[in-house]
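In: Coordinates for the following, if possible.
(chains A and B)
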Amino acid sequence: MEPVNMILFKKGEEGEVLELLGIQMRDGNIIDESGEAATCYGCGTKMTTHNLGNVMPGSKLIFCDNPACFASYISEKKL
Amino acid sequence: MPNIPEFLKAVLAEMKLSAKLNWKGTQDSTVININVQNFNFLPFDPEVKQVASKLFDSADFGFGKRTLAPIQSRMASPKEKHRAIIQSLKPYMHPRDLNALVFAASIILMEDEGRDARRMTERLVATYGARGKKIYNLLRSTIPEGRTIFEDVICPFVDAAKVEYREDEAKIIGTFQVFFENLLNYYPGGIWLTEDTVFKRAVDDVKARLAKMSGSPVCIYSRGTERIEIAEKIREELIRDDPSLESRRIDYTLGLISACMIILWKKRH
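Out: The predicted structure is shown next:
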């Protein structure tokens, strides 16, 4: 498996991370590049600053904070 | 040491961030070491913040919530045995089942390290329902000699299907998925004792399964001395109620803990 490189943020720093990445917010929801409400790549739930788990490298794939959703990335992309 | 790609070493050296790798932090007063070969972590501190967007754009760094990092490290580092199972089934298994399998493997890894995986187990059930729990049970419960049903039954089935249908990928996938569905449907034949198991309900559960399985065996799986004793009491109660039942006990070890499987079946007349 190729190594995954991550910068770890703490609770409360989500807004700063999104700003750095140039990801827009609207009414508490994260907005994707097409202007629609962004959804978790794993479970499809609407993404907010509260449930943000990961923004994966190279792709801006966003995951919520349910570890099961990260499992989808691991099984699909890595293992 | 983490397996750091050469290009990344150069970028990190240029940004004077190399020393920050191999994150060691505290969380709820517990020291957590994250030093998994599959992950390179940096803290989101002022120094990193200055170059974070550059790291994301040019050096393939993502962002992750710190509290999730230990769990995700485990997901990315399943045991070799589990990794081999996941890899061999990946082309044929339904993606959602495959995700549940990866999740189950990380729970098992945590349990075998003696860590509390109850919250993870709750998340597994909340996300994948009873099907997720069954997949966990299939991976967790071993048949004699410490091998799992995945190793002895499921993976060999895929190998056989590959030989039978050779180039016909769609046929292999279809055949495998029907087989896996049947196996999951068969699995109600087993119950797994947990610390929340209520004795009377477990007895009733096994009775119901014995009636439903019409002659096929039903298993009671237990792990740890206390639960093994409960499993024995369930067996005694069931045989007292129905002396026509036959049974057999197989002892083995799961992780470092003793475990047993009690098989019950109705005598055929």
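In: what's across from the residue most central in space within chain A in the sheet?
Out: When Cα atoms, centre = their mean is applied to chain A, the residue found nearest the centroid is A:Ile62 (2.4 Å). In this structure, A:Ile62 has the following beta-bridge partners (DSSP bridges): A:Val55.
In: Give me the pLDDT for it.
Out: For A:Ile62, the pLDDT comes out at 93.
In: got a list of what it touches?
Out: Counting by Cβ atoms under 8 Å, 6 or more residues apart in numbering or on different chains, A:Ile62 touches A:Ile30, A:Ala38, A:Thr39, A:Cys40, A:Tyr41, A:Met47, A:Leu52, A:Asn54, A:Val55, A:Met56. From N, CA and C alone the C-beta is placed, and that goes for glycine too.
In: Put the alpha carbons of stretch B:178-185 into CSV.
Out: Once side chains and other backbone atoms are set aside, the C-alpha atoms of stretch B:178-185 remain, and they are given as CSV (Å, rounded to 0.1, in the frame of the first residue of the first chain):
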residue,chain,number,x,y,z
VAL,B,178,-25.0,-15.6,-4.8
PHE,B,179,-22.8,-18.0,-2.7
PHE,B,180,-21.9,-15.2,-0.2
GLU,B,181,-25.6,-14.3,0.1
ASN,B,182,-26.5,-17.9,0.8
LEU,B,183,-23.7,-18.2,3.4
LEU,B,184,-24.9,-15.1,5.2
ASN,B,185,-28.4,-16.4,5.2
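In: from the chain's centre, how far out does that stretch sit?
Out: 18 Å (Cα atoms, centre = their mean, to the nearest Å).
In: can you list the residues that contact that stretch?
Out: Surrounding stretch B:178-185, the residues in contact under the criterion Cβ under 8 Å, 6+ apart are B:Met93, B:Asp97, B:Arg131, B:Lys134, B:Ile135, B:Leu138, B:Ile149, B:Val153, B:Ile154, B:Phe157, B:Ala161.
In: what does the average pLDDT come to for it?
Out: Model confidence over stretch B:178-185, given as mean pLDDT, is 86.
In: buried residues in stretch B:126-139?
Out: In terms of neighbour count (16 or more other Cβ atoms under 10 Å in any protein chain shown), stretch B:126-139 has its buried residues at B:Thr127, B:Tyr128, B:Gly132, B:Lys133, B:Lys134, B:Ile135, B:Tyr136, B:Asn137, B:Leu138, B:Leu139.
In: Repeat that for stretch A:56-75.
Out: The neighbour-count check on stretch A:56-75 (16+ other Cβ under 10 Å) flags A:56-57, A:60-75 as buried.
In: Pull up the distance across it, start to finish.
Out: Using Cα to Cα, to the nearest Å, the gap from the first to the last residue of stretch A:56-75 comes to 14 Å.
In: Pull the distance from that stretch to the chain's centre.
Out: Taking Cα atoms, centre = their mean, the mean C-alpha location of stretch A:56-75 is offset from the chain mean by 7 Å.
In: Same check on stretch B:153-172?
Out: Here the centre of stretch B:153-172 is set off from its chain's centre by 23 Å, with Cα atoms, centre = their mean.
In: Report the buried residues of that stretch.
Out: For stretch B:153-172, the buried set under the neighbour-count rule, 16+ other Cβ under 10 Å, comprises B:Ile154, B:Cys155, B:Phe157, B:Val158, B:Ala161, B:Lys162, B:Tyr165, B:Ile172.
In: so what's the second one up against?
Out: Contacts of B:Cys155 were listed using Cβ under 8 Å, 6+ apart, and they are B:Ile85, B:Ser88, B:Leu89.
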